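**Student:** structure for this input, please:
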Amino acid sequence: MTENEIATMIVDIGFHIHKDIGCGLYEKVYQIVMCDELERRGLSFQSEVDVPIVYKERTIERAFRADIIVEDKVIIELKSLAEISDVHRKQLHTYLKLSDRKLGLLINFGSILYKNGVERIVNNL
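**Tutor:** The predicted structure follows:
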């Protein structure tokens, strides 16, 4: 399955979550529900993943913690904020670059309209 196919499924899951339980809850709630839905759809994933990086030949364990990594290809960064800022976009882009992944989804469940709360962040895709 490609990154884009995975992302399509994730965006659809997020849409249904937003529609069913609404916006503005704690991020952890959305993370639990997202993981349940990923499992229902048969997608493999890891949640709260400590990701190591290599910096100047030194491995730094737990350099960052990804909210969810799906099919070992797509990073999901979940938020529940009134507004996403550039720092959130840059954070996810850095996660992609350092983990050598190509696609990330920044999903903000704080957005009143779901479509305004989903952003694709790419790294050489």
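
**Student:** Ile112 touches Cys23, doesn't it?
**Tutor:** Yes: counting by C-beta atoms under 8 Å, Ile112 does reach Cys23; the two are 6.0 Å apart. Every residue, glycine included, has its C-beta placed from N, CA and C.

**Student:** looking at this, Leu38 is in a helix?
**Tutor:** Yes: counting by DSSP: H, G, I helix; E, B strand; the rest coil, Leu38 falls inside a helix.

**Student:** who's in contact with the helix or strand Arg89 falls within?
**Tutor:** Element membership for Arg89 (DSSP states H and E) is helix 86-99. Contact with helix 86-99 is made by 51, 53, 63-64, 66, 75, 77, 79, 81, 101-104, 106, 119, 121-123, as judged by C-beta atoms under 8 Å, 6 or more residues apart in numbering.

**Student:** give me that answer again for 6 Å
**Tutor:** The contact list for helix 86-99, computed with C-beta atoms under 6 Å, 6 or more residues apart in numbering, reads 51, 53, 64, 75, 77, 104, 106, 121, 123.

**Student:** this protein: helices as residue ranges?
**Tutor:** Here the chain has its helices, by DSSP state H, at 3-21, 27-40, 86-99.

**Student:** for this protein, longest strand please?
**Tutor:** With secondary structure taken from DSSP state E, the chain has its longest strand at strand 58-70.

**Student:** contacts for stretch 108-125, please.
**Tutor:** Contact with stretch 108-125 is made by 11, 15, 18, 23-24, 30, 79-82, 84, 92-93, 96-97, 102-104, 106-107, as judged by C-beta under 6 Å, 6+ apart.

**Student:** and if you look at stretch 17-36?
**Tutor:** 47, 67, 78, 80, 109-110, 114.

**Student:** just how off-centre is it within its chain?
**Tutor:** Here the centre of stretch 17-36 is set off from its chain's centre by 13 Å, with C-alpha atoms, centre = their mean, to the nearest Å.

**Student:** first-to-last residue distance for that stretch?
**Tutor:** One end of stretch 17-36 to the other measures 11 Å (C-alpha to C-alpha, to the nearest Å).

**Student:** I am finished for the moment; much appreciated.
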